[in-house]
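S.K.: Sequence plus the predicted model coming up.
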Amino acid sequence: MTLATPSEAPESTARGTSPLLSVLRVIPPECYRRSTARGLAYLARSIGIYAVALGALAVSQVWWLVLPLWLLAGLAVAGLFVLAHDAAHGALFDSARLNRRVGRALMVPSLHVYESWVVGHNRIHHGHTLRQGMDFVWHPVTVEEYRTLGPLGRIGHRIEWSPFGAGLYYLRAVWWDKMMRFTPPKRYRDAVRRDERFLAVCAGTAVLAVAVLGWLSGGGPLGAIWLVTKLFAVPFVVFAYVIGFAVYVHHIAPDIKWWSRRAWTSYHGQVEGTTVLHVPRVLDVFFHHIFVHVPHHVDVRLPCYALPAAAEAIIAAFPDVDHRDFRWRDYLASTRACKLYDFDEQRWLTYAAAG
């Protein structure tokens with residue numbers, strides 16, 4: 001078991017403004033204890049759920065079983081992805097090597113390139129959370145930018161920023177643009193290309209094996225396509241919706257501000273730029289406390305299982321930190337109110353502002 005003290009926080013946190021450092025100092029030292037045994041237990045549970053979901057999908061033939069199993073499989077992929085996200089921050093296990101290897105493997109079901117994720121998420125999203133022109137996660141457009149989109153662009157924006165658009169936004173803006181089409185800086189190029197090959201080999205082998213199984217089980221070419229679709233394609237789409245929704249509620253709400261480059265500070269981004277959402281405990285089987293998001297942004301080295309205790313300490317010392325029960329009506333209210341953004345006035349606008 002390793003103890004990482006607050007002074008070992010990542011560079012983007014350690015050199016933050018004094019308000020952010022004051023938040024760091026209230027986190028109890030025990031929250032920094034990382035246990036490989038506990039990380040492996042989380043890993044075993046998540047892999048078990050995913051294996052059960054895939055096995056049940058493989059043998060299920062009736063729609064009323066397939067539909068809930070698709071939801072379970074998509075949630076299971078999200079659970080593996082959240083653990084990979086923790087490993088990418090070096091927080092899941094004591095060993096840096098184990099974090100890298102496990103994180104790389106756990107991102108295969110969600111078709112994410114591990115090193116691309118590290119560059120985009122760790123360095124850009126966490127380094128510039130809710131900073132105009134920098135943080136690409138659910139970045140709002142201004143009235144002027146919306147007017148330049150053209151008819152199809154405006155339709156696309158309205159769909160993606162609707163209550164049902166989270167998965168489409170994530171697939172286009174994060175997975176496709178920042179993962180599949182990502183051109184890494186020279187210093188990261190070799191690592192990214194290596195992980196792209198790793199993902200291609202692993203995913204290609206899995207798809208080929210399942211396709212052969214579908215073919216040989218008597219389904220022929222259509223059976224092969226259907227089994228790949230049932231086991232991999234649909235759960236991937238469900239995963240995209242689940243993660244897109246999670247990222248949205250972490251950083252988009254009428255009272256969460258985005259900041260211009262000049263006005264931004266690390267305290268604005270890491271403390272004021274997200275929230276602590278209390279969700280039903282059963283969901284943490286898949287999400288591993290990631291909705292307790294403020295302490296994760298304050299210090300990414302906190303393991304996922306320490307986030308609730310860290311949040312309690314932060315909220316006790318800083319009662320103004322945003323914490324609330326998750327309610328669907330709040331999400332729907334956000335999707336109605338948060339369409340465009342005025343960075344000068346720091347307020348969300350509806351489409352009516354664009355005329």
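M.R.: Alright, I've got the coordinates. Being a predicted model, the structure only gives us computed values, none of them experimental.

S.K.: Helices along the stretch 1-150 of the chain, start to end?
M.R.: Assigned by DSSP state H, counting those that start in this stretch, the stretch 1-150 of the chain shows helices spanning 11-14, 18-25, 36-59, 63-88, 96-106, 114-117, 143-147, 150-160.

S.K.: tell me the angle the third one makes with helix 63-88.
M.R.: What separates the directions of helix 36-59 and helix 63-88 is an angle of 150 degrees, with axes from the mean of the first three to the mean of the last three C-alpha atoms, to 10 degrees.

S.K.: Next, the buried residues of helix 36-59.
M.R.: Arg38, Gly39, Tyr42, Leu43, Ser46, Ile47, Ile49, Tyr50, Ala53, Leu54, Leu57 (16 or more other C-beta atoms under 10 Å). All C-beta atoms are positioned from the backbone trio N, CA, C, and that covers glycine.

S.K.: quick one: contacts of it?
M.R.: Under the contact criterion C-beta atoms under 8 Å, 6 or more residues apart in numbering, helix 36-59 has outside partners 1, 65-66, 69-70, 72-73, 75-77, 79-80, 83, 86, 92-95, 98, 102, 106, 109, 213, 227, 230-231, 235, 285-286, 288, 303-305.

S.K.: rerun that using 7 Å as the cut-off
M.R.: For helix 36-59, contacts defined as C-beta atoms under 7 Å, 6 or more residues apart in numbering pick out 66, 69, 72-73, 76-77, 79-80, 83, 92-95, 102, 109, 230-231, 288, 305.

S.K.: Pretty sure Leu171 sits against Val238.
M.R.: No. Leu171 is beyond contact range of Val238, at 11.6 Å (criterion: C-beta atoms under 7 Å).

S.K.: What ranges does the stretch 201-350 of the chain have for its strands?
M.R.: For the stretch 201-350 of the chain, applying DSSP state E, counting those that start in this stretch gives strands covering 276-278, 323-325, 340-342, 347-349.

S.K.: Go through these and name the closest to Gly127.
M.R.: Evaluated over the strands of the stretch 201-350 of the chain, closeness to Gly127 peaks at strand 340-342, with 20.4 Å, by C-beta to C-beta.

S.K.: Can you tell me what sits against that closest one?
M.R.: Counting by C-beta under 7 Å, 6+ apart, Pro140, Val141, Thr142, Val143, Tyr146, Trp258, Trp348, Leu349, Tyr351, Ala353, Ala354 sit against strand 340-342.

S.K.: ranking these by neighbours, who comes first?
M.R.: Highest neighbour count within those: Trp258, with 25 neighbours (other C-beta atoms under 10 Å).

S.K.: who's in contact with the closest residue to that one other than its chain neighbours?
M.R.: Distances taken as C-beta to C-beta, 6 or more residues apart in numbering place Leu130 nearest to Trp258, at 4.8 Å, with adjacent residues excluded. Neighbouring residues of Leu130 by C-beta under 7 Å, 6+ apart: His251, Trp258, Trp259, Gly269, Gly273.

S.K.: what about 8 Å?
M.R.: Leu130 makes contacts with His251, Ile256, Lys257, Trp258, Trp259, Trp264, His268, Gly269, Gly273, as judged by C-beta under 8 Å, 6+ apart.

S.K.: Could you verify my assumption that Val300 touches His126?
M.R.: Yes. Using C-beta atoms under 8 Å, Val300 is in contact with His126, at 5.9 Å.

S.K.: Would you confirm that Arg336 contacts Thr350?
M.R.: Yes. Look at Arg336 against Thr350 with C-beta under 8 Å: they come within range, at 7.4 Å.

S.K.: Quick check, pLDDT for the residue nearest to Ala337 when sequence neighbours are not counted.
M.R.: Counting by C-beta to C-beta, 6+ apart, Ala337 lies nearest to Pro254, which is 4.8 Å off, once chain neighbours are set aside. Looking at Pro254, its pLDDT is 97.

S.K.: Repeat that for Leu3.
M.R.: pLDDT at Leu3 comes out at 40.

S.K.: and Asp325, how many residues sit next to it?
M.R.: Every residue meeting other C-beta under 10 Å relative to Asp325 is counted, giving 9.

S.K.: Skipping its backbone neighbours, what lies nearest it in space?
M.R.: His278 (4.8 Å).

S.K.: For the stretch 101-250 of the chain, give me the ranges with low pLDDT.
M.R.: Low-confidence regions of the stretch 101-250 of the chain, defined here as pLDDT under 70, do not occur.

S.K.: Might you report the residue contacts of the nearest residue to His293 once chain neighbours are set aside?
M.R.: Distance criterion C-beta to C-beta, 6+ apart; nearest residue to His293, sequence neighbours excluded, is Thr274 at 4.4 Å. Counting by C-beta under 8 Å, 6+ apart, Thr274 makes contact with Thr129, His250, His251, Ile256, His293, Val294, His297, Asp322.

S.K.: do you know how far Thr274 is from Thr183?
M.R.: 28 Å (C-beta to C-beta, to the nearest Å).

S.K.: Next: Ile243.
M.R.: For Ile243, the distance to Thr183 - C-beta to C-beta - is 23 Å.

S.K.: For these two, work out which one has more neighbours and name it.
M.R.: More crowded of Ile243 and Thr183, by other C-beta under 10 Å: Ile243, with 26 against 7.

S.K.: so that one touches Gly79, yeah?
M.R.: No. Using C-beta under 8 Å, Ile243 makes no contact with Gly79, being 10.6 Å away.

S.K.: Among the buried residues of helix 36-59, pick out the one closest to Ala313, please.
M.R.: Taking those together and measuring to Ala313 by C-beta to C-beta, the closest member is Arg38, at 19.6 Å.
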